[in-house]
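Asks: got a structure for you, letters missing:
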């Protein structure tokens, strides 16, 4: 049935023929009906990556088919979500090897985006922990691929935005934990320079990420809170926490039931929020033991928080710049502060080395910001793109809904190699999305 | 541990029921056509709920195989749920007998054939619960789906008769009329959200109704109201409506 769909940013919205499946045989049947498809899971990518003329919803293909509680190896179908992995694995003492800022992501989406998290500088992105993937390609065959078997397909599928085929299942290695809590250290940085020094100083921490006030100017430019974390051991826990050391997260509390009017988020309310957020930490250094849910997924607790941006939606802008491009980072942050195009959740992180075919992460600084959709926003982001390009950086496809194709082709140097692999496995049925057409990845 | 047999286990409602009963600690026996699919479902239930799960090949339209299928089970299930069904294509069935027959056979004859066998075994032992997934479409024939509707009407009447027969033998028979459900079977239809239940909601309602030994349930209360109104429209008017 044709229906309106949009992803997390609520922009853009398109009409799609959406079909779901719960066996691979059903997918093969659907290939006979239409030539072009794109798989879609939870729709948590922000822009147009999982939108297309014909959409294959993986949400009913959601079984866990293997879990060895001794070794922590698990295999799930593409529609199984990180939320469900946690519910299953945490009580047995296992945790996700890599997690983004929301647990409402399907495993197919996690692979297609090659998700990264707060531990990227030490442990890389999701593909590093992925043992094997089953992909149904456009030639009608199901391929098992890994770093050693059909390695080209594996490399192109991790971060390949679903363009190599339908990701059917994923086998990956979980991380051993003794408790479901995180010992957290929060450090206030008065400005950007101080923050970058702190990142360097605390790089041995497994998890690190900083919230940055992008609207602060002058001597407060880049003021931020660095959040560091380690998985807590039994002896870190006291009282009620020690009694239930492997407690799983509970369901979301708050819900935003409808779109807020667009004026709710404006430069004043965002500035006020940022001011309050920075000053809520009285002490320079604050330590606590907190549940993983609050540490990794603070926004998951508010269902449909994307509705705060109103009906026009919002764009998330996430880029990475090489380590030697601090000046470029300052230039971009200055432009944002000047424009007052602030975002109340600006997140900065240092990536470790990674040099993959098509995955987003590479060694350097990454900054992610949300911008409410307005008339002047697209032009402004084009200006930011120019700086990112000049610095040799690039943009995360999972968040993108608008970058131009010239910039994209320049910033992903191994794109041609990727396209060759896509074509090799897809002579008949093709996978294409609104994004892949916009960026001329697919014909 | 109590056992539930799910006939048509790979359907969306079947999978939701399997999940619900496994979660409640039941031993689950899946029955359906696609063994590969059932294998995945069984693995999932065992991993997530740590219960015993088995699966058996079951061909609803192969009536003669039903007795052997049932006898070959490792025991008598405490609860049997008949879920399988075929919506079919009303328009096509008006001129193509194959399609029409498939709708009638799957939704009525096949269900009667297997439940006759289950009913006798329960009657003999004076224990057991039979659940039949019928449909609101059986409450009154409408031009848009009267093949499916009439087969389900027959099934509803069959379940009522069975309930009447088995009551004195302490066997419970539950008729379920789910209304619209968001499943693979209805994916191509434009269903109004407030009238459409998720399969998990249907499963939860069935689990509760079995516990409370209900006779007939509509999963969403609103459907009782809608069908009461539809049933009360006088035929001279009803026949002129486009429903």
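Replies: On my side now, so go ahead. Keep in mind the model is a prediction, meaning the values are calculated, not measured. Numbers count the residues shown, from 1 in each chain, chains lettered A, B, ... in the order given.

Asks: just list the residues touching the closest residue to residue A:357 other than its chain neighbours, thanks.
Replies: Nearest residue to residue A:357, sequence neighbours excluded (Cβ to Cβ, 6 or more residues apart in numbering or on different chains): residue A:155, at 4.6 Å. In short, each C-beta sits where N, CA and C put it, glycine included. Residue A:155 makes contact with A:356-358, A:421 under the criterion Cβ atoms under 8 Å, 6 or more residues apart in numbering or on different chains.

Asks: to which secondary structure element is residue A:155 assigned?
Replies: Following DSSP states H and E, one finds residue A:155 within helix A:151-157.

Asks: what does chain B put close to chain A?
Replies: With Cβ under 8 Å from any Cβ of the partner chain as the criterion, chain B meets chain A at residues B:10, B:12, B:15, B:34, B:36-37, B:40-41, B:43-44, B:47-48, B:184, B:187-190.

Asks: which ones among those map onto helices?
Replies: Cross-referencing the residues of chain B next to chain A against helices under DSSP state H gives B:12, B:15, B:36-37, B:40-41, B:43-44, B:47-48.

Asks: so which of these is the closest to chain A?
Replies: Of all those, residue B:44 has the smallest distance to chain A: 3.8 Å, by Cβ to the nearest Cβ.

Asks: the closest one touches residue A:66, doesn't it?
Replies: No: the criterion here is Cβ atoms under 8 Å, and residue B:44 misses it with residue A:66 at 9.8 Å.

Asks: higher neighbour count, the two?
Replies: Neighbours per residue (other Cβ atoms under 10 Å in any protein chain shown) separate residue B:44 from residue A:66, with residue B:44 holding more: 24 against 13.

Asks: gap between that one and residue A:88?
Replies: For residue B:44, the distance to residue A:88 equals 10 Å [Cβ to Cβ, to the nearest Å].

Asks: between the two, what contacts are shared?
Replies: Contacts common to residue B:44 and residue A:88, judged by Cβ under 8 Å, 6+ apart, are residue A:64.

Asks: the residue lying closest to residue B:128 once chain neighbours are set aside: which element?
Replies: Using Cβ to Cβ, 6+ apart and skipping residues adjacent in sequence, the residue nearest residue B:128 is residue B:122, 3.3 Å away. Residue B:122 belongs to helix B:110-125 when assigned by DSSP H and E.

Asks: burial of the residue lying closest to residue B:63 once chain neighbours are set aside, as a residue count?
Replies: Nearest non-adjacent residue to residue B:63, counting by Cβ to Cβ, 6+ apart: residue B:113, 4.5 Å away. For residue B:113, the count of nearby residues is 18 (other Cβ under 10 Å).

Asks: could you do residue B:134 as well?
Replies: Residue B:134: 26 surrounding residues under other Cβ under 10 Å.

Asks: leaving out sequence neighbours, find the closest residue to it.
Replies: With Cβ to Cβ, 6+ apart as the criterion, residue B:134 has its nearest non-adjacent residue at 4.5 Å, and that residue is residue B:156.

Asks: quick check: which helices or strands does the one helix or strand that neighbour maps to pack against?
Replies: Assigned by DSSP H and E, residue B:156 falls within helix B:146-166. Applying 3 or more Cβ pairs under 8 Å, 6 or more residues apart in numbering or on different chains; DSSP states H and E, we find helix B:146-166 packed against helix B:90-95, helix B:97-104, helix B:110-125, strand B:129-133, strand B:172-177.

Asks: let's see it at 10 Å
Replies: Applying 3 or more Cβ pairs under 10 Å, 6 or more residues apart in numbering or on different chains; DSSP states H and E, one finds that helix B:146-166 contacts helix B:90-95, helix B:97-104, helix B:110-125, strand B:129-133, strand B:172-177, strand B:216-218.

Asks: what's the angle from it to strand B:129-133?
Replies: Using axes from the mean of the first three to the mean of the last three Cα atoms, to 10 degrees, the inter-axis angle of helix B:146-166 relative to strand B:129-133 is 170 degrees.

Asks: hmm, back to that, my guess is the residue nearest to residue B:128 contacts residue B:116, does it?
Replies: No: at 11.0 Å, residue B:122 and residue B:116 do not qualify as touching, with contact defined as Cβ atoms under 10 Å.

Asks: what about the two, which has more around it?
Replies: residue B:122 (25 against 14).

Asks: please report the distance of the more buried one from residue A:368.
Replies: Here the criterion is Cβ to Cβ. By it, residue B:122 lies 60 Å from residue A:368.

Asks: go on, residue A:98?
Replies: Following Cβ to Cβ, the distance that separates residue A:98 from residue A:368 is 16 Å.

Asks: buried set for stretch B:229-239?
Replies: By neighbour count on 16 or more other Cβ atoms under 10 Å in any protein chain shown, the buried set for stretch B:229-239 is empty.

Asks: tell me the gap between that stretch and the middle of its chain.
Replies: Centroid displacement of stretch B:229-239 relative to its chain, using Cα atoms, centre = their mean, to the nearest Å, is 27 Å.

Asks: what is the end-to-end distance of that stretch?
Replies: Its start and end residues considered, stretch B:229-239 measures 15 Å (Cα to Cα, to the nearest Å).

Asks: for the record, mean pLDDT for that stretch?
Replies: Throughout stretch B:229-239, pLDDT has a mean value of 91.

Asks: coming back round to it: let me have the helices and strands packed on helix B:146-166 in CSV, extended by mean pLDDT.
Replies: Below are the helices and strands packed on helix B:146-166 laid out as CSV (pLDDT from 0 to 100):
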stretch, mean pLDDT
helix B:90-95, 97
helix B:97-104, 98
helix B:110-125, 98
strand B:129-133, 98
strand B:172-177, 98
strand B:216-218, 96
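
Asks: point out the most buried one among those.
Replies: Neighbour counts (mean count of other Cβ atoms under 10 Å in any protein chain shown) averaged over each of those peak at strand B:129-133, with a mean of 25.

Asks: pLDDT at the residue lying closest to residue A:57 once chain neighbours are set aside, what is it?
Replies: Spatially, and ignoring its direct neighbours in sequence, residue A:57 is nearest to residue A:20 (4.1 Å; Cβ to Cβ, 6+ apart). Residue A:20 is assigned 94 on the pLDDT scale.

Asks: now for residue A:20: which residues touch it?
Replies: The contact partners of residue A:20, by Cβ atoms under 10 Å, 6 or more residues apart in numbering or on different chains, come to A:26-27, A:30, A:40, A:55-61, A:79, B:12, B:182-184, B:187.

Asks: those in helices, which ones?
Replies: Per DSSP H, these map to helices at A:26-27, A:30, B:12.

Asks: for chain B, see how far away residue A:416 is.
Replies: Residue A:416 sits at a distance of 37 Å from chain B (criterion: Cβ to the nearest Cβ, to the nearest Å).

Asks: and that residue, which of the three is it?
Replies: helix (DSSP: H, G, I helix; E, B strand; the rest coil).

Asks: let me see the contact set for it.
Replies: Counting by Cβ under 10 Å, 6+ apart, residue A:416 makes contact with residue A:409.

Asks: quick one, which of the residues of chain B next to chain A are buried?
Replies: B:10, B:12, B:15, B:34, B:37, B:40-41, B:43-44, B:47-48, B:184, B:187.

Asks: tabulate those (a markdown table), appending pLDDT.
Replies: Conversion of those to a markdown table gives the following (pLDDT from 0 to 100):
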| residue | pLDDT |
| --- | --- |
| B:10 | 97 |
| B:12 | 96 |
| B:15 | 98 |
| B:34 | 97 |
| B:37 | 97 |
| B:40 | 97 |
| B:41 | 98 |
| B:43 | 98 |
| B:44 | 98 |
| B:47 | 98 |
| B:48 | 97 |
| B:184 | 84 |
| B:187 | 83 |
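
Asks: distance to residue A:11 for those residues - can I get that in JSON lines?
Replies: Output for these, formatted as JSON lines (distance: Cβ to Cβ, whole Å):
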{"residue": "B:10", "distance to residue A:11": "37"}
{"residue": "B:12", "distance to residue A:11": "31"}
{"residue": "B:15", "distance to residue A:11": "34"}
{"residue": "B:34", "distance to residue A:11": "40"}
{"residue": "B:37", "distance to residue A:11": "37"}
{"residue": "B:40", "distance to residue A:11": "36"}
{"residue": "B:41", "distance to residue A:11": "37"}
{"residue": "B:43", "distance to residue A:11": "39"}
{"residue": "B:44", "distance to residue A:11": "35"}
{"residue": "B:47", "distance to residue A:11": "38"}
{"residue": "B:48", "distance to residue A:11": "36"}
{"residue": "B:184", "distance to residue A:11": "30"}
{"residue": "B:187", "distance to residue A:11": "26"}
